[in-house]
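Q: can you look at this prediction? I've put the sequence above it.
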Amino acid sequence: MDVVSFCSELIKRKSITPNDDGILDYVSEFLSSIGFETRILTFKSQDGTNVVKNLFAKYGHSRDKVLGFLGHLDVVPAGDGWNAFVAEQKDGCLIGRGVADMKGGAAAFCCAVAEYVKQDFNGTIEFFLTCDEEIGSFEGTQSLIKWAKENNELPNDCLIGEPSSDITVGDRIYAGHRGSMNVMVRAHGKQGHVAYSSQNSLTNLCRYIARMADYNWRYENKKFPKTKIEPTLLYTNNYAVNVVPDESSANINIRYGADYTSEELKKIFSQQAEDLNLELEFTVSGDSYYCESHLQDMLASSIQDVTGIQPKFSAEGGISDGRYMIQHCNIIEFGLCDATIHQKNEHVKISDLYTLEKIYVAFLKQYFA
Ligand SMILES: [Zn+2]
C-alpha cells in the first residue's frame with residue numbers, strides 16, 4: 001500500500017474527536033487484509049454520554065517479543081477557510097486536518113508493517129488505535145490499556161507515532177515528557193469605589209501570579225527543560241473602570257520535569273497562597289516520565305541508516321498518551337514534524353511520509369532481529 005494514498009484515505013474520514021467516521025473500520029479492514037486479527041472495542045463513560053470506538057489488532061502469537069504501536073486517529077476541529085478533509089497535494093506537501101497529528105504517523109506505521117510482515121519473523125505486533133486522544137483519552141487509551149491488561153495483551157515495548165520531529169523527520173525523538181498541572185486560582189475581596197477600596201481581589205491575584213512566575217524552581221534533572229509556569233486565563237466580575245472587583249480568578253499552567261511531583265507542587269502552590277486569601281483547585285494532567293530502554297539505540301540507528309541524521313532525545317513536548325502506557329512497558333515516541341499541528345492548512349512533506357515509513361521498517365527489522 002502506498003503511504004500517501006493510505007494517509008489520504010484517512011484524511012478524508014472526518015474523525016473529529018471523538019467521532020470515528022468509519023476510520024477504524026477502514027484501518028481494521030486494511031490490517032485484516034495483511035493477516036492481522038482485529039477487534040473494534042467500544043468503551044462508554046460511566047454516565048453513558050461518551051461512547052468511543054477503538055481498534056486493537058494483532059499479528060503473531062508469541063508473547064516473548066511483543067511490539068505495540070499506539071496512536072490516535074481522531075483530530076481537532078478544522079476551522080473555516082481551508083479544505084481540511086480532501087487530502088489536497090500542493091508544492092510537494094499533503095494537506096489535511098490530522099495529517100501531522102497523527103494520521104501520517106499511523107499510515108506510515110501501517111504501511112511499514114504491511115511491508116515487514118511479508119517475511120517470516122518471530123514475535124508479535126499489536127496496534128492500539130484510539131479516537132478520543134484530543135479530548136482526554138478516557139474511553140480511548142486509558143480504557144484500551146485496561147482492556148489489554150485484563151486480556152493479557154499488553155506489549156513489552158511500545159512505539160507512539162505522535163509527531164515528534166522538529167525541522168526534519170528524524171531529528172528528534174521524545175524519550176519522555178514533562179508533567180503538566182493546571183491551578184485554578186480564585187481571589188476574594190470586597191467590591192468598592194476604586195478611590196477608597198483596600199480589598200481588591202485582583203491585586204492579590206496578580207501578586208500571586210507574579211510570585212509564582214518568579215519562584216525559584218530547583219533544576220537538577222537536566223533531561224527535562226526547566227520547570228515553568230504560564231498564566232493562561234484571567235477573569236473578574238467587573239466591567240467598570242472605577243470599581244474594584246470582589247471576585248477574580250486565573251488559571252496557571254505549570255510544566256515540570258522529574259525534580260517535582262504534582263503532590264509537592266500542590267504544597268508549594270498552597271504555601272505561596274497562604275497570606276493572599278485565595279482558593280486553589282488543582283487538575284493534574286500527568287506527572288513527568290522518561291524512559292531509558294533498548295528502544296532508544298534501535299530507533300536512533302534506524303533513523304541514521306535511513307536519513308543520516310543523528311536524532312536528539314528530548315522530553316520537552318506536550319503530554320501524550322505515553323503517560324498511560326509507560327506504567328506497563330517501555331515506550332518511545334517518534335513521528336513526523338510537528339510544525340503545523342492543530343493549525344489551518346496542517347501539512348507534511350510527502351517525502352517525509354516515505355522517509356518515516358522507511359524508518360519504521362528499519363526499526364521493525366532491528367526490533368525482531
Ligand atoms: Zn496527537
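A: Nice, I can see it. Numbers count the residues shown, from 1 in each chain.
Q: what does the stretch 251-369 of the chain have sitting close to the ion?
A: Residues of the stretch 251-369 of the chain lying close to the ion (Cβ under 5 Å from the ion): none. Where you see a C-beta, it was placed from the backbone N, CA and C, and this is true even at glycine.
Q: ranges for the strands of the stretch 251-369 of the chain?
A: Per DSSP state E, counting those that start in this stretch, the stretch 251-369 of the chain carries strands over the ranges 278-286, 289-290, 312-314, 330-333, 347-349.
Q: so what's Ser302 closest to, chain neighbours aside?
A: Sequence neighbours aside, Ala362 is the residue nearest to Ser302 in space, at 3.8 Å (criterion: Cβ to Cβ, 6 or more residues apart in numbering).
Q: quick one: buried residues of stretch 4-22?
A: Within stretch 4-22, the residues that count as buried by 16 or more other Cβ atoms under 10 Å are 4, 6-21.
Q: apologies, that question was intended for stretch 167-179.
A: By neighbour count on 16+ other Cβ under 10 Å, the buried set for stretch 167-179 is 169-179.
Q: mean confidence for it?
A: Mean pLDDT, computed over stretch 167-179, is 96.
Q: how much space between Gly257 and the ion?
A: Distance of Gly257 to the ion, computed by Cβ to the ion, to the nearest Å: 21 Å.
Q: give the contact list for that residue.
A: Contacts for Gly257 (Cβ atoms under 8 Å, 6 or more residues apart in numbering) come out as 178-179, 219, 221, 223-227, 288, 315.
Q: among the strands of the stretch 251-369 of the chain, which is nearest Thr340?
A: When the strands of the stretch 251-369 of the chain are compared by Cβ to Cβ, strand 347-349 sits nearest Thr340, at 5.6 Å.
Q: what pairs with that closest one, and is each one parallel or antiparallel?
A: strand 93-95 (antiparallel) (DSSP bridges).
Q: for the helix or strand following the strand it pairs with, name the packing helices and strands.
A: Later in the chain than strand 93-95, the nearest helix or strand by DSSP states H and E is helix 104-116. Where contact means 3 or more Cβ pairs under 8 Å, 6 or more residues apart in numbering; DSSP states H and E, helix 104-116 is packed against helix 3-12, helix 23-33, strand 66-72, strand 124-130, helix 350-368.
Q: JSON lines for the buried residues of stretch 167-179, including distance to Ala87 and secondary structure?
A: Listed next are the buried residues of stretch 167-179 as JSON lines, based on distance: Cβ to Cβ, whole Å; DSSP: H, G, I helix; E, B strand; the rest coil:
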{"residue": "Val169", "distance to Ala87": "19", "secondary structure": "coil"}
{"residue": "Gly170", "distance to Ala87": "24", "secondary structure": "coil"}
{"residue": "Asp171", "distance to Ala87": "26", "secondary structure": "coil"}
{"residue": "Arg172", "distance to Ala87": "26", "secondary structure": "strand"}
{"residue": "Ile173", "distance to Ala87": "27", "secondary structure": "strand"}
{"residue": "Tyr174", "distance to Ala87": "27", "secondary structure": "strand"}
{"residue": "Ala175", "distance to Ala87": "32", "secondary structure": "coil"}
{"residue": "Gly176", "distance to Ala87": "33", "secondary structure": "strand"}
{"residue": "His177", "distance to Ala87": "30", "secondary structure": "strand"}
{"residue": "Arg178", "distance to Ala87": "33", "secondary structure": "coil"}
{"residue": "Gly179", "distance to Ala87": "36", "secondary structure": "strand"}
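Q: hang on, the earlier thing: buried ones only from the contacts of Gly257, please, as a PyMOL command.
A: Of the contacts of Gly257, the buried ones go into a single PyMOL selection, burial set by 16+ other Cβ under 10 Å:
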select buried, resi 178+179+224+227+288+315
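Q: residues contacting Lys53?
A: 20, 24, 40-42, 131.
Q: the ion: which of those is nearest?
A: The ion lies nearest to Cys131 out of the contacts of Lys53, by Cβ to the ion, at 11.7 Å.
Q: wait, that closest one sits on Val51?
A: No - when contacts are counted by Cβ atoms under 8 Å, Cys131 is not listed as touching Val51 (10.2 Å).
Q: who's more crowded, the two?
A: Using other Cβ atoms under 10 Å as the criterion, Cys131 and Val51 rank with Cys131 on top: 26 against 13.
Q: can you give me the domain assignment for this structure?
A: Listed by automatic domain parsing, the domain ranges of the chain are 3-177+288-368, 179-286.
Q: deepest of those domains, which one?
A: Most buried of these by mean neighbour count (mean count of other Cβ atoms under 10 Å) is domain 3-177+288-368; its value is a mean of 20.
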